[in-house]
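K.L.:
model the structure of this input:
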Amino acid sequence: MSWPGRPLFTSMGQDRFLKIDLNAIYEGGRELPLMLDEAWFARWREEDPDLEFSLAGPQTGRVHLAKYGKDVLVRGHLEGKLKLVCSRCLEPYIYPVQAEFDLLLAPGPEPAAGEEEELTSQDLDLDFYSGETIDLESILKEQIILMLPLKPLCAEACQGLCPRCGANLNQEPCACAREKLDSPFGALARLKK
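P.N.:
Prediction:
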């Protein structure tokens with residue numbers, strides 16, 4: 001277990017710090033500083049090679065665990081920088097992230113893999129643990145994924161790529177002829193003239 005006030009580094013095989021024994025959550029709760037580094041992310045990428053982002057420095061923050069009977073309230077703060085790829089121009093860019101999260105963990109069976117179930121708004125802040133250990137790693141991965149934008153953009157004004165020649169319109173003008181592509185609304189444009 002980690003000592004109070006000492007960051008939970010996850011490199012060099014210290015990922016055991018992300019597994020918290022329920023008996024180590026003291027009366028009044030337990031505060032744990034975090035630092036998720038490149039080695040932690042590399043292990044995550046090995047488990048899920050389809051991740052569409054990478055770290056641009058360590059993710060830091062804190063987690064506070066408090067027991068209420070058999071339930072455990074996990075409150076946390078996580079911040080750092082991620083490297084994303086713009087969905088318009090396909091260029092990598094740095095995206096600062098910051099999130100506060102609250103999650104109530106109740107004892108119970110883990111959901112069966114592969115089964116779909118509809119979640120209510122109350123279910124979004126509730127999760128389950130089994131045994132005598134809380135797995136912070138899966139919680140932190142989920143929080144990082146929730147911080148990602150649905151459509152990553154390097155800038156709101158990003159002009160993207162030319163659909164004909166593929167030139168990045170943010171960096172160079174397009175060399176294509178300025179022809180209007182025939183569209184279903186082309187006839188309407190001609191009527192307007």
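K.L.:
got the CA positions of stretch 28-42 in CSV?
P.N.:
Taking Å, rounded to 0.1, in the frame of the first residue of the first chain, the C-alpha atoms of stretch 28-42 are listed here in CSV:
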residue,chain,number,x,y,z
GLY,A,28,-12.6,9.4,7.7
GLY,A,29,-11.3,8.2,4.3
ARG,A,30,-8.0,7.9,2.6
GLU,A,31,-6.5,10.5,0.3
LEU,A,32,-4.1,9.2,-2.4
PRO,A,33,-2.1,11.4,-4.8
LEU,A,34,-1.7,10.1,-8.3
MET,A,35,0.9,10.2,-11.1
LEU,A,36,0.1,8.1,-14.2
ASP,A,37,3.2,8.1,-16.4
GLU,A,38,4.2,6.8,-19.8
ALA,A,39,5.0,3.3,-18.6
TRP,A,40,1.5,3.0,-17.2
PHE,A,41,0.1,4.2,-20.5
ALA,A,42,2.3,1.8,-22.5
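K.L.:
now that stretch, how far from the centre of its chain.
P.N.:
Relative to its parent chain, stretch 28-42 has a centroid offset of 15 Å by CA atoms, centre = their mean, to the nearest Å.
K.L.:
got the buried residues for that stretch?
P.N.:
Of all the residues in stretch 28-42, those buried under the rule 16 or more other CB atoms under 10 Å are 30, 32, 34, 36-37, 40-41. (Glycine included, C-beta is placed from N, CA and C.)
K.L.:
these into JSON lines, with extra columns for pLDDT, distance to G76 and secondary structure?
P.N.:
Compiled in JSON lines, the buried residues of stretch 28-42 are given as follows (pLDDT from 0 to 100; distance: CB to CB, whole Å; DSSP: H, G, I helix; E, B strand; the rest coil):
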{"residue": "R30", "pLDDT": "89", "distance to G76": "12", "secondary structure": "strand"}
{"residue": "L32", "pLDDT": "89", "distance to G76": "9", "secondary structure": "strand"}
{"residue": "L34", "pLDDT": "90", "distance to G76": "8", "secondary structure": "strand"}
{"residue": "L36", "pLDDT": "90", "distance to G76": "12", "secondary structure": "strand"}
{"residue": "D37", "pLDDT": "90", "distance to G76": "17", "secondary structure": "coil"}
{"residue": "W40", "pLDDT": "89", "distance to G76": "16", "secondary structure": "helix"}
{"residue": "F41", "pLDDT": "90", "distance to G76": "18", "secondary structure": "helix"}
